[in-house]
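A.B. asks: give me coordinates for this.
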Amino acid sequence: MALPVLYSLRNCPYAMRARIAIYKSKQPVELRDLVLKNKPVEMLLASPKGTVPTLVLGADGQTQKVIDESLDVMLWALGESDPDNLLRSEVTGGDLPLEKSAKLTEILDLIHDFDFQFKSRLEAYKCAKRYHETNLHECRQRCEEFVNALEKRLSNHHYVIDDKESLADIAILPFIRQFAKVERQWYLQSPYPNLKRWLNQYLQSPMFNKVMTKYPLWVKGAPITKFGL
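C.D. replies: From the prediction side, this is the model:
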């Protein structure tokens, strides 16, 4: 049986968090690394949207299902296997999983805020730095509204939601990584010790090294690159 196929871009934050979730789930996929200026025809046929990550299920000729939103890829992977309970699943007396726990609702709400509010502020901050705009300080301060909230959370417990890692941590991690790189010297001196501790433990982890491994770019007929085992 063919593995699910994951089209990915190594440094894209959305693709990065999808790979993290797949790694955490221990669900094997066929990884196809690409560059956006040379998107494979096979990927565009599966998802004309042409964005990463794109996950193709049933790629061996069976009925295909395509998942082309990063959070949906994460939820698929952890829905298949979630050994660390990143989704905070609850069980009933009959050991049947509830559709959505209160914790998962909190997690998804937090991710939504970062995806639809913080991300746009982060892009403005990155552009202000790149093009030497005069509003750099203001753009950073808008991002800091979210960073401050994370710092407060991380002062109360080891991870974003509680004392155990959750989907929220791995979903927002790539964006905080980008934030920390915009003005590196400022960030290193910034008053966010708990955020720095949280980010550093990820960046220095074997998991992150594995997720960020540089693989050969995929071409048709190339040997399969297995990822997630």
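A.B. asks: please name every helix or strand in contact with the longest helix that the chain contains.
C.D. replies: Ranked by residue count and defined by DSSP state H, the top helix of the chain is helix 136-156. On a contact count with 3 or more Cβ pairs under 8 Å, 6 or more residues apart in numbering; DSSP states H and E, helix 136-156 meets helix 119-130, helix 167-182, helix 193-203. No exception for glycine: its C-beta is placed from N, CA and C like everyone else's.
A.B. asks: quick check: what element follows the shortest one along the chain?
C.D. replies: The first helix or strand that comes after helix 193-203 along the chain, using DSSP states H and E, is helix 206-211.
A.B. asks: counting by contacts, list what that following helix packs against.
C.D. replies: If contacts are counted by 3+ Cβ pairs under 8 Å, 6+ apart, helix 206-211 sits against helix 13-25.
A.B. asks: can you list the domains in the protein?
C.D. replies: Residue ranges for the domains of the chain, per automatic domain parsing: 5-90+209-227, 102-205.
A.B. asks: count of neighbours near residue 144?
C.D. replies: Residue 144: 18 surrounding residues under other Cβ atoms under 10 Å.
A.B. asks: need the winner for burial among the helices and strands packed on helix 136-156.
C.D. replies: Compared across the helices and strands packed on helix 136-156, helix 167-182 shows the largest average neighbour count, a mean of 22 (mean count of other Cβ atoms under 10 Å).
A.B. asks: what mean pLDDT does the following helix or strand past it have?
C.D. replies: Later in the chain than helix 167-182, the nearest helix or strand by DSSP H and E is helix 184-189. Model confidence over helix 184-189, given as mean pLDDT, is 98.
A.B. asks: run the chain-centre distance for helix 184-189.
C.D. replies: How far helix 184-189 lies from its chain's middle: 23 Å, per Cα atoms, centre = their mean, to the nearest Å.
A.B. asks: check which residues of that helix are buried.
C.D. replies: When burial is assessed from 16 or more other Cβ atoms under 10 Å, helix 184-189 yields the following buried residues: residue 187.
A.B. asks: hmm, who's touching that helix?
C.D. replies: Outside helix 184-189, the residues that touch it by Cβ atoms under 8 Å, 6 or more residues apart in numbering are 140, 179, 180, 181.
A.B. asks: from residue 186, how far off is the second one?
C.D. replies: It refers to residue 179. Residue 179 sits 11 Å away from residue 186 when distances are taken as Cβ to Cβ, to the nearest Å.
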